[in-house]
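Peer 1: I'd like to go over a predicted model; first the sequence, then the structure.
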Amino acid sequence: MSQPLVLASSSPFRRMLMENAGLVFSARAAVIDERAIEADLNRRGAGPEEVALELARAKARDVSRHCPGAFVIGSDQTMSLGERVYHKPANRDEAREVLQSLSGKTHHLNSGVAILRDGAILWEEVAKASLTVRDLSAAFIDRYLDRIGDKALTSVGGYQLEGEGIQLFSAIAGDYFTILGLPMLSLLQALRSLGAIDG
């Protein structure tokens with residue numbers, strides 16, 4: 001018998017991934033101060049993978065307090081290049097700077113996911129994807145930003161792989177679901193192992 005399943009997220013992408021997989025679940029947004037948690041982790045020298053996982057834990061922990069007995073899934077993703085951790089650009093100038101900084105380099109998407117029940121961590125993982133941006137000219141970046149407009153401000157790297165953003169890349173290594181922010185294959189296996197879904 002499957003147990004109540006709760007996604008600790010308001011992300012439409014994560015909800016879509018779980019719905020497409022046929023999971024029956026409810027969704028509840030966590031109420032946490034992500035930037036404060038991240039700042040504290042940065043002061044302690046945490047890397048981008050640890051930040052993603054701790055934010056996933058914090059989201060699941062918050063929602064777990066309101067959903068006794070449920071399996072609560074928390075997830076978060078960081079984008080990193082070396083030690084730099086990126087956030088969504090606030091405006092076109094920031095989006096241009098982000099794309100310039102990624103040009104000709106390989107950056108990482110780190111997707112942390114944790115399953116908690118009554119506040120206890122039952123399983124957790126950080127899955128990683130590596131994405132190589134081709135050499136981009138300043139003129140191409142401006143034309144790209146002209147075409148996609150405000151969509152550049154809706155994702156951390158200023159791109160959506162499912163759209164024109166795919167034109168920015170020369171190579172991608174990693175799981176598609178990890179890139180979208182929820183490593184579904186390992187998550188489903190964990191849920192089956194825990195008896196949370198039909199195995």
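Peer 2: Perfect, thanks for sending it.

Peer 1: grab the nearest non-local neighbour of L99.
Peer 2: Nearest non-adjacent residue to L99, counting by C-beta to C-beta, 6 or more residues apart in numbering: I141, 4.9 Å away. From N, CA and C alone the C-beta is placed, and that goes for glycine too.

Peer 1: which parts of the helix or strand the one you found falls within are buried?
Peer 2: Here I141 is covered by helix 138-148, with elements defined by DSSP states H and E. By neighbour count on 16 or more other C-beta atoms under 10 Å, the buried set for helix 138-148 is 141, 144-145, 148.

Peer 1: got the contact list for the longest helix along the chain?
Peer 2: When the chain is parsed with DSSP state H, its longest helix is helix 48-64. Contacts of helix 48-64 with the rest of the structure, by C-beta atoms under 8 Å, 6 or more residues apart in numbering, involve 6, 8-9, 28-32, 34, 37-38, 41-42, 46, 70, 72-80, 85, 108, 110-119, 121, 124, 126, 128.

Peer 1: which of the residues you listed count as buried?
Peer 2: The buried subset of the contacts of helix 48-64 - by 16+ other C-beta under 10 Å - is 6, 8-9, 28, 30, 32, 37-38, 41, 46, 70, 72-80, 85, 108, 110-117, 124, 126, 128.
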